[in-house]
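Asker: here is my input; please provide its structure:
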Amino acid sequence: MNIFVLLKRTFDTEEKIAIANGRIQDDGAEYIINPYDEYAVEEAIQVRDAQGGEVTVVTVGNEDAEKQLRTALAMGADKAVLINIEDDVEASDQVTTAKVLAAYLKEQEPDLIIGGNVAIDNASGQVGPRVAELLGIPYVTTITNLEIDGDKATVTRDVEGDSEIIETTLPLLVTAQQGLNEPRYPSLPGIMKAKKKPLEELELDDLDLEEEDVEPKTKTIEVYLPPKKEAGKVLEGEITDQVKELVQLLHNEAKVI
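Answerer: As a prediction, this is how the structure comes out:
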């Protein structure tokens, strides 16, 4: 089975985000594999171990993402691909990333593509579905279970606290939700083996793409932190008086009614 994992390099979840002049300051910040993508890597490895085949992790970005790709290789992936667009693309968004990934994947004849449900930095959840649409294959998002039998797949997906079971066919793209599995930690032997596993670097030219082919459709004007929350207010007295005061506060201060 030919399995691909869509991987993104994101801020460490423990990092304190600093913003200056409307932009995130990342000097000295630690980066990790997007946590939802770790579920995708783990699921790909489990499917390969059960079904046979090969797992390739692929990311779009720059050379800084090599560390995260090596981590995925240390977890057990077989190969990695870095599509470096730093020198070719001045600005990018989810459309850019999806078009680049689709251009690469259409030549690879994938049976299964797994990505994270969302990236923790922008949480758009767009890249996976966009890739599937460009490839013309079915996709299922926010999955919590995946069973494959031949060219058929039974997928359980999270739907706002409940679950939905979908039967579909391969090739297929799915996005991993928390609860799908428990990602493994890279072992010392895995880390040593990862150094010898193939990591291919490509550019737009290798995919027969020009900068205008992957122009972003959105532009970030400004990034800012949410305003600090004011202290809460405790209502006292009889219930009827509290209700009256609450209605007054919602109307005059919160202005929501």
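Asker: what's the span of stretch 195-207, first residue to last?
Answerer: Stretch 195-207 has an end-to-end distance of 26 Å (criterion: C-alpha to C-alpha, to the nearest Å).
Asker: which outside residues touch that stretch?
Answerer: Residues lying outside stretch 195-207 but in contact with it, judged by C-beta atoms under 8 Å, 6 or more residues apart in numbering, are 63, 66, 69-70, 73, 77-85, 87-89, 100, 103-104, 210-211, 213-214. From N, CA and C alone the C-beta is placed, and that goes for glycine too.
Asker: rounded mean pLDDT for it, please.
Answerer: Averaging the model's pLDDT scores along stretch 195-207 yields 95.
Asker: only the buried residues of that stretch, if you could.
Answerer: Residues of stretch 195-207 classed as buried under the neighbour-count rule (16 or more other C-beta atoms under 10 Å) are 197, 202, 204, 207.
Asker: can you check stretch 173-192 too?
Answerer: Judged by neighbour count (16+ other C-beta under 10 Å), stretch 173-192 contains these buried residues: 173-177, 180-181, 183, 186, 190.
Asker: next one: it to chain centre, how far?
Answerer: Using C-alpha atoms, centre = their mean, to the nearest Å, we find the averaged C-alpha position of stretch 173-192 to lie 14 Å away from the chain's own average C-alpha position.
Asker: quick check, pLDDT for Ala44.
Answerer: Reported pLDDT at Ala44 in the predicted model: 98.
Asker: in three-state terms, label it for me.
Answerer: Here Ala44 is helix, with the state taken from DSSP: H, G, I helix; E, B strand; the rest coil.
Asker: kindly report the same for Leu173.
Answerer: For Leu173, the secondary-structure state derived from three-state DSSP is strand.
Asker: OK, contacts around it?
Answerer: 112-115, 128-129, 131-132, 135, 137-140.
Asker: and of those, the nearest to Glu245?
Answerer: Within the contacts of Leu173, proximity to Glu245 (C-beta to C-beta) peaks at Pro129, which comes in at 46.3 Å.
Asker: tell me the pLDDT at Ile83?
Answerer: You'll see Ile83 listed with a pLDDT of 97.
Asker: next SSE downstream of the helix or strand encompassing it?
Answerer: Taking DSSP states H and E as the definition, one finds Ile83 inside strand 79-84. Later in the chain than strand 79-84, the nearest helix or strand by DSSP H and E is helix 94-105.
Asker: elements contacting that next one?
Answerer: Using 3 or more C-beta pairs under 8 Å, 6 or more residues apart in numbering; DSSP states H and E, the elements in contact with helix 94-105 are strand 54-61, strand 79-84, helix 127-135.
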